[in-house]
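Novice: Test case, fold it:
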Amino acid sequence: METTIEKTNEETLQEILQMDSAIKSAHEKMMALSQDKEFLREYHLRETAISNWNNGFNTGIEKKQIEIAESLLRKGMSAEFINETTGLDMKIIKKLRP
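Specialist: Below is the predicted model:
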């Protein structure tokens with residue numbers, strides 16, 4: 001049984017779809033593609049690959065920031081300066097101190 005919210009959302013969606021043919025066309029394409037198991041599989045694989053790449057990229061950036069912070073600490077730079085320079089969180093910088 002549909003709840004009032006679900007009914008209202010479906011009614012709102014139908015009103016929006018009637019307002020603009022481009023939105024209606026896009027919605028129809030999305031609905032067709034969402035039924036295509038091969039498309040969905042490829043979509044999820046692509047999204048997973050993008051997420052994995054971003055995670056690896058961000059990990060690499062953080063590792064480099066830590067290397068720079070360690071170098072600056074060895075040179076006697078303040079935690080505040082390292083924070084401003086690298087963008088590393090102060091907690092991380094304080095853990096790096098010898």
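
Novice: so who does L17 touch?
Specialist: With contacts defined as CB atoms under 8 Å, 6 or more residues apart in numbering, L17 is in contact with 23-24, 27. Backbone N, C-alpha and C define where each C-beta goes, glycine included.

Novice: Neighbour count added to those residues, as a markdown table?
Specialist: Conversion of these to a markdown table gives the following (neighbours: other CB atoms under 10 Å):
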| residue | neighbour count |
| --- | --- |
| I23 | 13 |
| K24 | 14 |
| H27 | 15 |
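
Novice: Distance of I93 relative to I61?
Specialist: Counting by CB to CB, to the nearest Å, the separation of I93 from I61 is 16 Å.

Novice: which of the two has more neighbours?
Specialist: I93 (23 against 12; other CB atoms under 10 Å).

Novice: What helix or strand is that one located in?
Specialist: Under DSSP states H and E, the secondary-structure element containing I93 is helix 90-96.

Novice: what's the spacing between the spatially most central residue of the chain and L45?
Specialist: Taking CA atoms, centre = their mean, the centroid of the chain lies closest to S51, which sits 7.6 Å from it. When distances are taken as CB to CB, S51 and L45 turn out to be 11 Å apart.

Novice: Ok, G56 next?
Specialist: 16 Å.

Novice: okay, now R97: neighbour count?
Specialist: When neighbours are defined as other CB under 10 Å, R97 has 9 of them.

Novice: and whichever helix in the chain runs longest, which residues are buried?
Specialist: With DSSP state H setting the assignment, residue counts place helix 37-74 as the longest helix in the chain. The neighbour-count criterion (16 or more other CB atoms under 10 Å) identifies 65-66, 69, 72-73 as the buried residues of helix 37-74.

Novice: Before I go, just wanted to say thanks for your time.
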